[in-house]
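Trainee: sequence first, then the predicted structure, then my questions.
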Amino acid sequence: MNKRILGITCVILLSCQGVQAQKAEDTEPQLYTIKGNHEVAIGYGVLPLPVLAAGIVDLITFSYFSQGEDRGVAGPLMLNYMYGFEDRWSTGGLAVYSGYVVNNKDTGALIYRNDYFSFMPRLDYHYSRNPNVDVYSSVAIGATYLQIHNREENDRLLYAFHINAIGVRFGKKIGGFVDLGFGMNGLLNAGVSLRL
């Protein structure tokens, strides 16, 4: 009789343990994937590559040639589309505008203005698997159309690039992002994005 009770008790305990294991498997969180996701983002940055280059030239020549000039910067203003083609990889396109203007300090007259229109394919690698916090790095390589105003030079087509050392996006469907990198988007840029 004791052996029967012991046997029945063991069978009941083992079957309960199987139910507990099944419940634990059902409640385990699923890993987030970007595969199949579309995302559109708009952002603004500081110190894009053309401004850094012009700033270095100004530092070298400012005391000799640029005493009566004021400088202004616009952008970089960026628009980005990305598509997740694997669990951790996404690709898309990046459009960036930035401008650099030099005016006469006394009269305000335009001395020259450069407008940079950049278009680059972009590739991102996503480190995190959390839908609320996305940590990523990216590289973008393409072309920049340089439009020159008030100079004896012709407009040009130049190489363009941007490397994000690290970027962080917060939010599920609508989110904000901050990127730290180097290139046409600037050293630091931030904005909003929408996952479709």
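Mentor: Nice, I can see it. Numbering: from 1, shown residues only.

Trainee: so which residues of the chain form strands?
Mentor: Counting by DSSP state E, the chain has these strands, from start to end: 38-46, 69-84, 89-104, 110-126, 133-149, 156-170, 174-183, 188-195.

Trainee: and the second one, what's buried?
Mentor: Buried residues in strand 69-84, counting neighbours by 16 or more other C-beta atoms under 10 Å, are found at 71, 73-78, 80, 82-84. For the C-beta atoms, the positions are set from N, CA and C on the backbone; glycine is no exception.

Trainee: ok, now the first one?
Mentor: Along strand 38-46, the positions that meet the burial threshold by neighbour count (16+ other C-beta under 10 Å) are 39, 41, 43, 45.

Trainee: including pLDDT and distance to residue 121, could those go into a markdown table?
Mentor: Formatted as a markdown table, the buried residues of strand 38-46 follow (pLDDT from 0 to 100; distance: C-beta to C-beta, whole Å):
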| residue | pLDDT | distance to residue 121 |
| --- | --- | --- |
| 39 | 94 | 15 |
| 41 | 96 | 15 |
| 43 | 95 | 18 |
| 45 | 92 | 19 |
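
Trainee: rewinding a little: quick check, nearest of the buried residues of strand 69-84 to residue 100?
Mentor: residue 73 (6.0 Å; C-beta to C-beta).

Trainee: wait, isn't the closest one in contact with residue 113?
Mentor: No. Between residue 73 and residue 113 there is no contact under C-beta atoms under 8 Å: 11.1 Å.

Trainee: overlap in contacts, those two.
Mentor: Residues touching both residue 73 and residue 113 (C-beta atoms under 8 Å, 6 or more residues apart in numbering): 99-101.

Trainee: buried ones among these?
Mentor: By neighbour count, with 16+ other C-beta under 10 Å, the shared contacts of residue 73 and residue 113 hold 99-101 as buried.

Trainee: and the strands of the chain, which one is worst for confidence?
Mentor: Among the strands of the chain, strand 69-84 has the lowest mean pLDDT, at a mean of 86.

Trainee: partners of that one, with directions?
Mentor: Here strand 69-84 has these sheet partners by DSSP bridges: strand 38-46 (antiparallel), strand 89-104 (antiparallel).

Trainee: how far out from the middle of the chain is the longest one?
Mentor: Relative to the centre of its chain, strand 89-104 is centred 13 Å away, using C-alpha atoms, centre = their mean, to the nearest Å.

Trainee: over to the first one?
Mentor: Shown here is strand 38-46, whose average C-alpha point lies 7 Å from the average C-alpha point of the whole chain (C-alpha atoms, centre = their mean).

Trainee: between that strand and strand 156-170, how big is the angle?
Mentor: Computed by axes from the mean of the first three to the mean of the last three C-alpha atoms, to 10 degrees, the angle separating strand 38-46 from strand 156-170 equals 110 degrees.
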